[in-house]
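Participant: Got a predicted structure here, sequence first:
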Amino acid sequence: MLIVALIAAILVAFSIGPINGRRRRKRAVGLFHPYTNDGGGGERVLWCAVRGIQEESPHLDCYVYTGDHDATPQSLMARSLDRFGVSLLSPPKVVHLYKRKWIEETTYPHFTMIGQSLGSMYLAWEALCKLTPIYYFDTCGYAFTYPLARLFGCKVICYTHYPTISSDMLSRVRHRSLMYNNDALITKSVWLSKCKIVYYTFFSCLYGIVGSCAHLAMVNSSWTKSHIENLWRVPDRIKRVYPPCDTSGLQVLPLDRSAEIPVMISVAQFRPEKAHILQLEAFSAAIKRLDPSLPKPKFQIVGSCRNKSDEDRLQMLKEKAIELNVNEHVEFHKNVTYRDLMGLLGGAVAGIHSMTDEHFGISVVEYMAAGAIPIAHNSAGPKMDIVLDEDGQQTGFLACTVDEYADAMVRIITMSKMERLKMAAAARRRASRFSEQRFSEDFKAAVRPILCHISRSS
């Protein structure tokens, strides 16, 4: 029934126009971001986008659709500054949503992607009924809401961090590769794997249809752009805009670090795809490979928790550290402030990233800007856009397996001070390509034609 409703919404959006009159719509941008406390790169994009809109079109009001019931205009403005160092021109207005459980992954133990996608339509319906703006701006990748927004007569803009489904995901199912989104029950069964391929193929077709409803789609990396162009098939409406990374604030940190106790850091939300267990196993292996006469390194794992599932995952990681007998050398930092994060990054000699097919990898850029040599997963954004040579100088390491990560950790810990400073300086120069200033310029250039068009026609 929901799929039938989706198809009907798409047809209506392209045929009979908006369901409510223009006079009911606010001269506003409605930013669909149900979790305004997730603390990740997506939230930084939200606040930088709000600031960019405020600077480019001050005549438009910015409304944030959020499921965080304690959010207020003042608290969100303060959060953007305290957590991310982003200073807004004025507080964004808030539209509270009460149907957020329908996009929670725990609501759908099976067929999670289609469940969350259809649930996002229900949540967007609540949002658009409460406030129908001229522009509907999705900053979280809920593509199934786009035909609905067009049905309400909105211009649809989105910033896509990663495709909900990709050819890489299909490939893993075909090869029956075990991963967080392809469990052992599926990989061990030929029949279940074939069923999942059919499901993914069907979902991919739907995803392509709804995604093509966007009037403008900004994507965050070369990898994401390639996949979205292949799926949505509207290349003229897709623009690559690298996400805003705090390079200016971090680049003032001194490159010289204390070598008495080498510190490595990991900055990522406590989500399964971030592969924190791999990091702990690699750290344990690295300690065993180090000369016993050398001081033991310290590993600081920094992240945010969105919900109880993330809290449980953090507790599991603490138990894993005890199991690996590295708990005395591992620190966990939850939901730290922007200022505290800068302090932690300023003391690290290496930054660890381990997500497979990370669409971009803001944390990798932050490591590089702060002077911490990155050890990133050898795939997608880090491989294609970030950890590349700068002026012929190596800027970091790429790895896939526990052994490769452990080797890179040992390499950084044991390299000479001069060699480390040379690599860290090259990494910092590379990171300057992904600054907030660069995002602001590219973002405004991308949205300007749509915002100017409405301004002229109003």
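Facilitator: Received it, and whenever you're ready, just let me know what you need.
Participant: Using the three-state scheme, assign the residue in the chain sticking out farthest from the centre.
Facilitator: Centroid-distance maximum for the chain: Ser293 at 40.1 Å, with C-alpha atoms, centre = their mean. Put simply, Ser293 is coil when judged by DSSP: H, G, I helix; E, B strand; the rest coil.
Participant: Phi first, then psi, for it.
Facilitator: phi -80, psi -20 (degrees, to the nearest 10).
Participant: What separation do you get for it and Thr414?
Facilitator: Distance, Ser293 to Thr414, by C-beta to C-beta, to the nearest Å: 12 Å. For the C-beta atoms, the positions are set from N, CA and C on the backbone; glycine is no exception.
Participant: Quick check: which ranges of the stretch 151-300 of the chain have low pLDDT?
Facilitator: 168, 171-190, 259 (pLDDT under 70).
Participant: just the helices in it please.
Facilitator: 167-174, 184-187, 190-211, 222-232, 247-250, 276-289 (DSSP state H, counting those that start in this stretch).
Participant: between the third one and helix 222-232, how big is the angle?
Facilitator: Which is helix 190-211. 90 degrees (axes from the mean of the first three to the mean of the last three C-alpha atoms, to 10 degrees).
Participant: cool, and the last one?
Facilitator: Angular relation of helix 276-289 and helix 222-232 on a 0 to 180 degree scale: 150 degrees, by the same axes, to 10 degrees.
Participant: right, so of the helices of the stretch 151-300 of the chain, which gets closest to Gly40?
Facilitator: helix 276-289 (14.3 Å; C-beta to C-beta).
Participant: before we move on, back to that, the helices of the stretch 151-300 of the chain: which one's closest to Lys308?
Facilitator: helix 276-289 (17.2 Å).
Participant: Check the offset of that closest one from the chain's centre.
Facilitator: Relative to its chain's centre, helix 276-289 lies at 25 Å (C-alpha atoms, centre = their mean, to the nearest Å).
Participant: Residues contacting it, please?
Facilitator: Contact with helix 276-289 is made by 264, 266, 268, 270, 296-297, 299, 301, 303, 313, 317, 320-321, 324-326, 329-330, 352, 354, 402-403, 405-407, 409-410, 413, as judged by C-beta atoms under 8 Å, 6 or more residues apart in numbering.
Participant: just the buried members of those residues?
Facilitator: 264, 266, 268, 270, 297, 299, 301, 303, 313, 317, 320-321, 324, 326, 329-330, 352, 354, 402, 405-407, 409-410, 413 (16 or more other C-beta atoms under 10 Å).
Participant: Tell me who's in contact with Thr66.
Facilitator: 33-36, 76, 94-97.
Participant: List phi and psi for it.
Facilitator: phi -140, psi 150.
Participant: Who does it form a beta bridge with?
Facilitator: His96 (DSSP bridges).
Participant: oh, and call the first residue 58 from now on, that's how I've got it
Facilitator: Sure, I'll start counting at 58 from here, so that last one is Thr123.
Participant: Tabulate the contacts of Thr123 in CSV, adding columns for pLDDT, neighbour count and distance to Leu180.
Facilitator: What follows is the contacts of Thr123, written out as CSV (pLDDT from 0 to 100; neighbours: other C-beta atoms under 10 Å; distance: C-beta to C-beta, whole Å):
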residue, pLDDT, neighbour count, distance to Leu180
His90, 97, 24, 11
Pro91, 96, 23, 6
Tyr92, 94, 18, 11
Thr93, 92, 23, 14
Leu133, 96, 23, 19
Val151, 97, 19, 15
Val152, 97, 20, 11
His153, 97, 17, 12
Leu154, 97, 20, 6
